[in-house]
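Asker: Give the three-dimensional model of this entry:
(chains A and B)
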Amino acid sequence: MPRVTSSSSSGGGGGAGGVGFAASRGTVVRTYEEECSYITQQGLPSLSPSSSVTFDIRLGFVPNMRVPGRFFVNERLSSLMFEELQQHAKTGGSGGGFLPAVKQIANVAALPGIVKHSLAMPDVHSGYGFAIGNVAAFDMNDPQAVVSPGGVGFDINCGVRLLRTNLLERDIEHDKEALCQSLYDHIPVGVGSQGIIPTTASDLEEALETGMDWSLREGYAWVEDKEHCEEAGRMLTADPLKVSARAKKRGLPQMGTLGAGNHYAEIQVVDEVYDEVAARKMGIGRKGTVCVMIHSGSRGLGHQVATDALTAMERAMTRDGIMTNDRQLACARIQSQEGQDYLASMSCAANYAWVNRSSMTFLARQAFAKHFKVDSAEDLDMHVVYDVSHNIAKVEEHEVDGVMKTLLVHRKGSTRAFPPHHPSIPVDYQLIGQPVLIGGTMGTCSYVLTGTDKGMATTFGSTCHGAGRARSRSSSRAKLDYTDVLANLRTKGISIRVASPKLVMEEAPESYKDVTEVVNTCDRAGISKTVVKLRPVGVVKG
Amino acid sequence: MASASGGGGGGGGASGSASASASASASASASAPSRHVRVLLDALAYPLASQFSPKSAEAFRALVAWLEDLKIRLYPPPQRAPLRDIASHTWNATLIEYLVALEYDSSDTLKPANLETPAVRAQVTEFLLREAVANEYADKQDEMNKAFPPVTMSSRDMEEAKPYSGRFANTANDAVREEINTLAREIGCYYPQSATTNTADACARLLSESRKNSAAAQKDKGAPKTRALANAPRARVNVNLNDMSSGIDAQGDADDVVKLLRLLHLVQLRGLQTEVDRVLAEVQALTADPRTDAALGKVGT
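Answerer: Numbering: from 1, shown residues only, chains lettered A, B, ... in the order given. Sure, this is the predicted structure:
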């Protein structure tokens, strides 16, 4: 366990004297103990079972911090985080790869215009510039405030959608394999996959501008789907003229494809119900109810939009004299041309991702309807429970120190989790709070949570997004054998269809943190409430 | 329509609110129906209301059969026979099936043996009564609304009502208050007497609007039924006030009043959303042409 200062004792500013800057990364060379003296655990000392899961990072941990950092981890998750920091301290920051997540959180706290805290969810791990799991809000009325593509991520509007059915586990017990195959036959997966929904260049332009409204108009979505989707499946700020031709070229053939990496379509069943009222309201209150979870994003288009923006922003930073601690934190003032262009193109990529998930919903409904020989998926009650985005920046109203402010909230690997009665959540969920969908790793469980008032007050209405990587992709490839991973899934009775089996060890449960620990930590911190646990019975992956 | 009640469910918490105590009394003295249940029975004009007790299995079963036959009508008539067969030894299992179909919250955990307990029967009774009242209102809202012509007030009443522009606004006036409470009961917004003044005050501002809206909604009843409408979530809420939060920092009656207002607001909002969905579905019928072409598909590596 790391030596972390408890808030009941005073956190000494140990290593502040005699430090030097590691110029290229803006980090300070200190011993591990000195680094830890900047991190304070709220409440009781860390070894107590009732200890708080909230840790604060004091100003000074990295240069130029404007606000403190804050992260939520329980005993088990914290060890991963502190080991990373220890390693970093040992090598004096010259270890290569990404900075430790805790340093990344602090570097974000040094960006212009940030308010309140740079926050990290329990599934936090190092990413490009911003840690994955980082939430940062910037004051829209501060002319210096910035927007950063690194704070959104390369897979813009990567998200999770959950469909329910009126089937129970026993209804699919004997034909699980066939159903899984049917899903695999309908949804193209893998690197370089191409979709089966004919899409022209002008279709793409319209889809980028209108998001799920395009899916609805063309008949790929049901009217009710829009209601149960964050932002009703359309960012109004989208401008396809701001998306490069290269990005559009990459996006056109990929519409309606799942992709690779950690993306999947899973057939799941309700395994545990923790909040019956909320679960029933979502139509998943009965144990054994069969659901379909789709985890996917904006494919190559989103990646290209982010890459284009990073190049443009590096130029803007030099022009406007914006200094950051890490070169990967490329950003631009929100009100600058580059900032506005990024927000318009990011919105297009977000719209693309919603269209993509809607197209896959259409295909999943077809697969189920054909398999069960019904006229339409309506007979199977295949409604969208909800659709969340966990890589996006959005303009929202939040109370900061008793004052309502308009903020640009970056959520990278974090899910919006608004409380009951919030005007931005669908009428059906007004009494229970926004559903939050947490996709587990391949073969482990997934969760449905709801947003809380405490989350609204402390994390800008945000919570975790998944398990969070514990081991790098290359380390997973080196240490795990794909045949073992697949055999392990079969032992659990999970049907699996993968396009590239040799890559499954990157996504094996062993490569990730335990999603249950992550979800429980959020529950303990009060930033979301656990409603339902889902167990996979069939997995389709790239 | 909103049918907010403090009874039934898990409740029993001693929060001190009127609704919590109503709930406690429902489960504690299961021998006699709670006041809440009596009011609901009266509202439905149940002929055997005076003899009803959840303690009697026969009375309970007879009530359930009557409610389904005349008020709830979930099943087509031939399917109702097993519920009417109240002497059958499989009747409890039939009821559980029925409750599942009605989306009763605790139907998953309900076992036929539990239904022999008066406390469980009391909870089920209350749930079914709320469903029935809501159905009754949905069926008869036009007639009911007609039955309540504008309140006639004496010149003194008018004087008292001056600071307000609304017809029901002066809740200090007994006649007005009674009128509002009657209306609230009719639309399924029954609320315990102790909170009457506040409830009436709060409802007053919304009731005129609610009535206007229901009349407007009624006009559209002849419109073609689209998928959006057929599958839309039910436009009314059957909730236990103890299960919801008001979302603001209020105590006791004030907190309950906020919850009630929120429920009324939600009903309006759901109506609006359903209407939006209906329009979208009509337009979609003209524009949609979904196609797939398997030849285009390519599985990646």
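
Asker: CA atoms for contacts and neighbours, from now on please.
Answerer: Fine.

Asker: Any buried residues in the longest strand seen in chain A, and which?
Answerer: Identified as the longest strand of chain A according to DSSP state E is strand A:528-541. Buried positions in strand A:528-541, judged by neighbour count with 16 or more other CA atoms under 10 Å in any protein chain shown: A:528-541.

Asker: just how off-centre is that strand within its chain?
Answerer: 16 Å (CA atoms, centre = their mean, to the nearest Å).

Asker: Pairing partners for that strand, with directions?
Answerer: strand A:264-273 (antiparallel), strand A:446-451 (antiparallel), strand A:495-498 (parallel) (DSSP bridges).

Asker: For the shortest one, give me every contacting residue.
Answerer: So that's strand A:495-498. Contacts to strand A:495-498, defined as CA atoms under 8 Å, 6 or more residues apart in numbering or on different chains, come from residues A:176-177, A:180-181, A:184, A:486, A:489-490, A:504, A:537-542.

Asker: How about exporting stretch B:116-131 as CSV, limited to the C-alpha atoms?
Answerer: Output of stretch B:116-131 as CSV, limited to C-alpha atoms (Å, rounded to 0.1, in the frame of the first residue of the first chain):
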residue,chain,number,x,y,z
GLU,B,116,-52.5,-16.3,1.9
THR,B,117,-51.0,-13.5,4.0
PRO,B,118,-53.4,-10.6,4.6
ALA,B,119,-50.5,-8.1,4.4
VAL,B,120,-49.5,-9.3,0.9
ARG,B,121,-53.1,-9.3,-0.1
ALA,B,122,-53.4,-5.7,1.2
GLN,B,123,-50.5,-4.7,-1.0
VAL,B,124,-51.8,-6.4,-4.1
THR,B,125,-55.3,-5.0,-3.5
GLU,B,126,-54.0,-1.5,-3.4
PHE,B,127,-51.9,-2.0,-6.5
LEU,B,128,-54.9,-3.4,-8.4
LEU,B,129,-57.2,-0.6,-7.1
ARG,B,130,-54.8,2.0,-8.3
GLU,B,131,-54.7,0.4,-11.7
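
Asker: Is it positioned near chain A?
Answerer: No. Taking CA under 8 Å from any CA of the partner chain as the criterion, stretch B:116-131 and chain A are apart, separated by no less than 14.4 Å.

Asker: Show me which positions of that stretch end up buried.
Answerer: Buried residues in stretch B:116-131 (16+ other CA under 10 Å): B:118-131.

Asker: Can you flag which of those residues belong to helices?
Answerer: Mapping the buried residues of stretch B:116-131 onto helices (DSSP state H) picks out B:118-131.

Asker: SS state for the closest residue to A:D381 other than its chain neighbours?
Answerer: Nearest non-adjacent residue to A:D381, counting by CA to CA, 6 or more residues apart in numbering or on different chains: A:T165, 5.1 Å away. Under DSSP: H, G, I helix; E, B strand; the rest coil, A:T165 falls in the strand class.

Asker: A:T165 reaches A:R286, doesn't it?
Answerer: No. Counting by CA atoms under 8 Å, A:T165 does not reach A:R286; the two are 11.0 Å apart.

Asker: related to what we said a few turns ago, so which of the buried residues of strand A:528-541 is the closest to chain B?
Answerer: Chain B lies nearest to A:K541 out of those, by CA to the nearest CA, at 10.4 Å.

Asker: Identify the bridge partners of the closest one.
Answerer: Beta bridges link A:K541 to A:Y264, A:V498, judged by DSSP bridges.

Asker: Would you check that my belief about it contacting A:V189 is correct?
Answerer: Yes. Between A:K541 and A:V189 there is a contact at 6.4 Å, judged by CA under 8 Å.

Asker: residues in chain A within reach of chain B, list them.
Answerer: Residues of chain A lying close to chain B (CA under 8 Å from any CA) are A:188-198, A:216-220, A:223-224, A:276-277, A:280, A:286, A:420-421, A:427-428, A:430-432, A:453, A:499-500, A:542.

Asker: Next, A:P143: phi, psi?
Answerer: Dihedral angles of A:P143 (phi, psi; degrees, to the nearest 10) stand at phi -60, psi -20.

Asker: quick one: contacts for it?
Answerer: A:113, A:333-335.

Asker: Just the buried residues of those.
Answerer: The neighbour count (16+ other CA under 10 Å) marks A:113, A:333-335 as buried among those.

Asker: one step back: would you mind writing the CA trace of the longest strand of chain A as PDB?
Answerer: Extracted C-alpha coordinates of strand A:528-541, given in PDB (Å, rounded to 0.1, in the frame of the first residue of the first chain):
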ATOM      1  CA  SER A 528     -23.800   6.300  -9.400                       C
ATOM      2  CA  LYS A 529     -26.100   3.600  -8.100                       C
ATOM      3  CA  THR A 530     -25.900  -0.100  -9.200                       C
ATOM      4  CA  VAL A 531     -29.200  -1.300 -10.700                       C
ATOM      5  CA  VAL A 532     -28.600  -4.500 -12.700                       C
ATOM      6  CA  LYS A 533     -25.800  -7.000 -13.400                       C
ATOM      7  CA  LEU A 534     -25.800  -8.600 -16.800                       C
ATOM      8  CA  ARG A 535     -24.000 -11.800 -17.700                       C
ATOM      9  CA  PRO A 536     -22.900 -12.600 -21.200                       C
ATOM     10  CA  VAL A 537     -24.000 -15.800 -23.000                       C
ATOM     11  CA  GLY A 538     -22.800 -14.900 -26.500                       C
ATOM     12  CA  VAL A 539     -20.000 -12.700 -27.700                       C
ATOM     13  CA  VAL A 540     -19.400 -11.300 -31.200                       C
ATOM     14  CA  LYS A 541     -16.100  -9.500 -31.600                       C
END
